[in-house]
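J.: when you get a sec, could you give me coordinates for this:
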Amino acid sequence: MSRLRIALFGIALLAAGPAEAARCGGDFQGFVAAMSQEAAASGISQGVINAALGGVTQDPAVLAFDRRQRGTFNKSFEQYVATRVGPGRIKQGLAMLQRHGSLLSRIERQFGVPPEILVAIWGLESDFGKGDTGKLPVVRTLATMAHDCRRTELFQGELLAALQIVQRGDLPLRDMIGAYAGEIGQTQFLPSSYIKYGVDFDGNGHVDLRHSVPDVLASTANLLKTAGWRAGGSYQEGSANFEAMREWNRALVYRKTIAYFADRLAAGGN
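T.: Now for the predicted structure:
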């Protein structure tokens, strides 16, 4: 699912970066050259810049998708939840709670987020890592969106964050594959969120939100905790924790669906 789950601070993620952003529109290769200079000034190595941005081209399909991606959350809650939380997904969610029970307990102790919420998000975002997490080269997607003048500053920040993920060795460039707005991994983090909230919970020295279930679930919990999640509190509409989920997704119907799915899991599917 393509959606923007980013706070405004994401556009200023690389604090060491230059003050003047690259100009959107116009010649695409000229824009990429300007972004390459910004990346270098932000501390990205020339090797990463050359590998990631050398020869990059626009993706018209990304822009077409972005322009028609309207009304996803305009359905009523009843209409939306009926398409997202069915018996099959609930059954899989219960299996994930059991399979990863020890891991989820450790995450809850550290971050205060209950297993049912994490599994609900995981299921909605990617069918527990087995569904569609995107097939597009993240750098190409973000360069395309950054060149488009509607939200250029936002996506310029995301592009720099994507290069930083490669720079610090979390994912190799070949694994920087994502969805139509550059979201990465099993719970679909934008690159700025990847940098800000990512947790190396399996202890291998890298934050891998594509392949490591411990990293995926702990990073998701860390996002919610940082957004103000209160351990042991309600997550229903009107609660502080429901508000904390705005950092995950601002759409009311989506947050209500997370809460509904979590309730069904907590009740054993009933």
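
J.: so which elements touch the helix or strand of the chain with the lowest mean pLDDT?
T.: Between all helices and strands in the chain, the lowest mean by mean pLDDT, DSSP states H and E belongs to helix 60-68, at a mean of 89. Judged by 3 or more CB pairs under 8 Å, 6 or more residues apart in numbering; DSSP states H and E, helix 60-68 is in contact with helix 138-147. Every residue, glycine included, has its C-beta placed from N, CA and C.

J.: now for the helix it packs on, which elements pack on it?
T.: Using 3+ CB pairs under 8 Å, 6+ apart: helix 138-147 touches helix 28-41, helix 46-53, helix 60-68, helix 152-167, strand 177-178.

J.: Ala251 is nearest to which of the ones you listed?
T.: helix 60-68 (16.7 Å; CB to CB).

J.: can you list contacts of the next helix or strand after that closest one?
T.: Where DSSP states H and E defines the elements, the next helix or strand beyond helix 60-68 is helix 77-84. With contacts defined as CB atoms under 8 Å, 6 or more residues apart in numbering, helix 77-84 is touched by 73, 75, 124, 253-254, 256-257, 260-261.

J.: distance check, Gly198 against Glu183.
T.: 13 Å (CB to CB, to the nearest Å).

J.: same drill for those two, tell me which one is more crowded.
T.: Using other CB atoms under 10 Å as the criterion, Gly198 and Glu183 rank with Glu183 on top: 29 against 25.

J.: look up phi and psi at that one.
T.: phi -70, psi 140 (degrees, to the nearest 10).

J.: and it, what pLDDT?
T.: On pLDDT, Glu183 comes in at 96.

J.: my guess is it meets Lys135, correct?
T.: No: contact between Glu183 and Lys135 fails when scored by CB atoms under 8 Å: they sit 12.0 Å apart.

J.: on that earlier part again, hey, what's in contact with both of Gly198 and Glu183?
T.: Common neighbours of Gly198 and Glu183 (CB under 8 Å, 6+ apart) are Phe189.

J.: run a quick neighbour tally on Ala61.
T.: With other CB under 10 Å as criterion, Ala61 counts 12.

J.: and it, how far from Arg67?
T.: 11 Å.

J.: any buried residues in the least confident helix or strand of the chain, and which?
T.: Using 16 or more other CB atoms under 10 Å as the test for burial, helix 60-68 gives 62-63, 65-66.

J.: now that helix, how far from the chain's geometric center?
T.: Per CA atoms, centre = their mean, to the nearest Å, the displacement of helix 60-68 from the mean C-alpha position of its chain is 19 Å.

J.: ok, Ser163 to Pro191 distance?
T.: Rather than Ser, residue 163 is Leu. In terms of CB to CB, Leu163 sits 8 Å off from Pro191.

J.: hmm, who's touching stretch 195-215?
T.: Contacts of stretch 195-215 (CB under 8 Å, 6+ apart): 10, 13, 100, 103, 107, 129, 133, 161, 164-165, 169-171, 175, 177, 184-187, 189, 194, 216-219, 221-223, 226.

J.: redo that, cut-off 6 Å
T.: Outside stretch 195-215, the residues that touch it by CB atoms under 6 Å, 6 or more residues apart in numbering are 103, 161, 164, 169-170, 175, 184-185, 189, 216, 218-219, 222-223.

J.: give the buried residues for that stretch.
T.: For stretch 195-215, by 16+ other CB under 10 Å, it's 195-202, 206-210, 212-215.

J.: keep only those of those that are in helices.
T.: Among these, the residues falling in helices (DSSP state H) are 195-197, 213-215.

J.: let's see the least confident helix or strand of the chain as PDB, backbone CA atoms only.
T.: Provided in PDB are the C-alpha atoms of helix 60-68 (Å, rounded to 0.1, in the frame of the first residue of the first chain):
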ATOM      1  CA  PRO A  60       6.700   7.600 -15.500                       C
ATOM      2  CA  ALA A  61       4.700   4.800 -13.900                       C
ATOM      3  CA  VAL A  62       5.600   6.100 -10.400                       C
ATOM      4  CA  LEU A  63       4.200   9.600 -11.300                       C
ATOM      5  CA  ALA A  64       1.100   8.100 -12.900                       C
ATOM      6  CA  PHE A  65       0.500   6.000  -9.800                       C
ATOM      7  CA  ASP A  66       1.000   9.000  -7.500                       C
ATOM      8  CA  ARG A  67      -1.500  11.100  -9.400                       C
ATOM      9  CA  ARG A  68      -4.200   8.500  -9.300                       C
END
